[in-house]
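> Please work out how this folds:
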Amino acid sequence: MKVPIRMITVATSFTWILLIIFSVSAIYSMKDIRMDVGKPKTNITPDNYLMLDFPIGIVNGAYYNLNDFNISTEIHDAKEGALTRGFTFIPSIGKGETLNATHEMRINLTDMLQTRQDLLVEDSEFRISTNVSMKAAELISLKVSSNLTLPWGAPLYNLTFAAPKFTIHTAPNSTTYYTVAIPTTFENHAFFDIAGTVHLSMYDNRNVLKNTAEIIFKAQQQSSFKENLQFDVPLAGIISSGYFKVALSTPFLDYGPLVIPIGE
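Numbering: from 1, shown residues only. As a prediction, this is how the structure comes out:
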């Protein structure tokens with residue numbers, strides 16, 4: 001009886017040694033696994049979603065196959081509000097294999113800018129939390145977490161309306177009228193173009209609506225906008241004091257109205 005028991009003990013010990021060697025080699029080889037995340041490609045969909053496509057390169061330099069490779073990300077704004085989540089699952093990556101994939105995330109611009117209108121006029125940063133999990137040789141699980149920041153550029157950065165300027169003109173038919181010009185400036189720091197309509201309403205000092213106008217505007221990404229919002233007012237409709245209400249309509253949301261005083 002002693003011999004079989006001894007043989008079982010030896011066999012068990014040998015199995016454990018092999019298992020330990022296998023585990024150590026698998027864990028050690030994980031240092032040769034590399035994942036590179038590139039700069040995201042951006043796109044605006046017709047239904048006003050901001051698409052972020054992160055190119056990912058995965059190099060499995062380990063001794064064994066990788067299984068259940070999962071990437072999950074979550075984007076938070078500067079106030080720690082969750083904006084969106086993204087998931088990418090890759091069933092298997094063979095040893096020595098290099099795989100290129102795309103990790104996709106979607107942000108509803110309308111919802112985001114409706115609740116955080118400061119992001120229209122102020123630059124900020126988003127925080128991206130990333131969790132990566134995988135299995136090596138279908139036995140050893142590995143989890144890695146990291147954080148990185150993504151700059152957010154405001155599409156209407158430093159939006160400014162200067163005091164209105166009134167210029168009197170006489171038409172060929174001898175009709176006298178005023179041209180009202182409101183100097184308007186902002187910088188489009190976003191990675192997308194922005195276009196929309198400016199709605200102007202002119203009130204006198206008794207809050208009586210005297211005139212309205214709509215002006216189309218457009219600013220390309222990473223550009224400065226500096227133009228006069230200009231429209232004509234009949235002589236009878238001009239006022240010496242009062243105010244303008246200025247509102248902007250974009251495909252994403254309505255912003256304003258902002259008040260510009262007249263005659264102060």
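> The protein - how does it break down into domains?
2-152, 157-262 (automatic domain parsing).
> Reformat the ones you listed as a markdown table; add mean neighbour count.
Where you see a C-beta, it was placed from the backbone N, CA and C, and this is true even at glycine. Formatted as a markdown table, the domains of the chain follow (neighbours: other C-beta atoms under 10 Å):
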| stretch | mean neighbour count |
| --- | --- |
| domain 2-152 | 15 |
| domain 157-262 | 15 |
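> Kindly reformat these as JSON lines containing mean pLDDT.
Below are the domains of the chain laid out as JSON lines (pLDDT from 0 to 100):
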{"stretch": "domain 2-152", "mean pLDDT": "77"}
{"stretch": "domain 157-262", "mean pLDDT": "86"}
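> and M51, what does it touch?
By C-beta atoms under 8 Å, 6 or more residues apart in numbering, the contact list for M51 reads 42-45, 104-106.
> Nearest to F192, out of the residues you listed: which one, please.
Distance to F192 across those (C-beta to C-beta) is lowest for I44, with 5.2 Å.
> quick one: which helix or strand includes the closest residue to the closest one other than its chain neighbours?
Spatial nearest neighbour of I44, chain neighbours left out: F192 (5.2 Å); criterion: C-beta to C-beta, 6 or more residues apart in numbering. For F192, there is no host helix or strand (DSSP states H and E).
> wait, doesn't F192 sit right on L50?
Yes. Judged on C-beta atoms under 8 Å, F192 makes contact with L50 at a distance of 7.5 Å.
> what's the overlap in contacts for the two?
In terms of C-beta under 8 Å, 6+ apart, F192 and L50 are both contacted by the residues 42, 44.
> For V180, give the beta-bridge partners.
Bridge pairing for V180 (DSSP bridges) gives the partners F166, F231.
> From T102, how far out is it?
Separation of V180 from T102 (C-beta to C-beta, to the nearest Å): 50 Å.
> for Y203, same thing?
Using C-beta to C-beta, Y203 is found at 52 Å from T102.
> again, but for Y178
Going from Y178 to T102 by C-beta to C-beta gives 56 Å.
> Need phi/psi at the closest residue to P55 other than its chain neighbours.
Leaving aside its sequence neighbours, P55 sits nearest to G38 (C-beta to C-beta, 6+ apart; 4.0 Å). G38 has phi and psi values of phi -90, psi 180 when expressed as degrees, to the nearest 10.
> Kindly report the same for V208.
Dihedral angles (degrees, to the nearest 10) for V208: phi -90, psi 130.
> could you list every residue that touches it?
For V208, the contact set (C-beta under 8 Å, 6+ apart) is empty.
> what's the helix or strand for K218?
For K218, the host element (DSSP H and E) is strand 209-219.
> same thing with L119?
Per DSSP H and E, L119 falls inside helix 118-121.
> And the contacts of that helix?
Where contact means C-beta under 8 Å, 6+ apart, the residues beyond helix 118-121 that reach it are 77, 112-113, 124, 152, 154-159, 186, 255.
> Could you export these as TSV, including secondary structure?
Below are the contacts of helix 118-121 laid out as TSV (DSSP: H, G, I helix; E, B strand; the rest coil):
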residue	secondary structure
D77	coil
M112	helix
L113	helix
S124	strand
W152	strand
A154	coil
P155	coil
L156	coil
Y157	strand
N158	strand
L159	strand
F186	strand
Y255	strand
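> re the thing from before, now the helix holding L119 - C-alpha only, PDB.
Output of helix 118-121 as PDB, limited to C-alpha atoms (Å, rounded to 0.1, in the frame of the first residue of the first chain):
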ATOM      1  CA  ASP A 118     -21.600  75.900 -20.600                       C
ATOM      2  CA  LEU A 119     -20.000  73.500 -23.000                       C
ATOM      3  CA  LEU A 120     -21.200  75.600 -25.900                       C
ATOM      4  CA  VAL A 121     -19.100  78.600 -24.800                       C
END
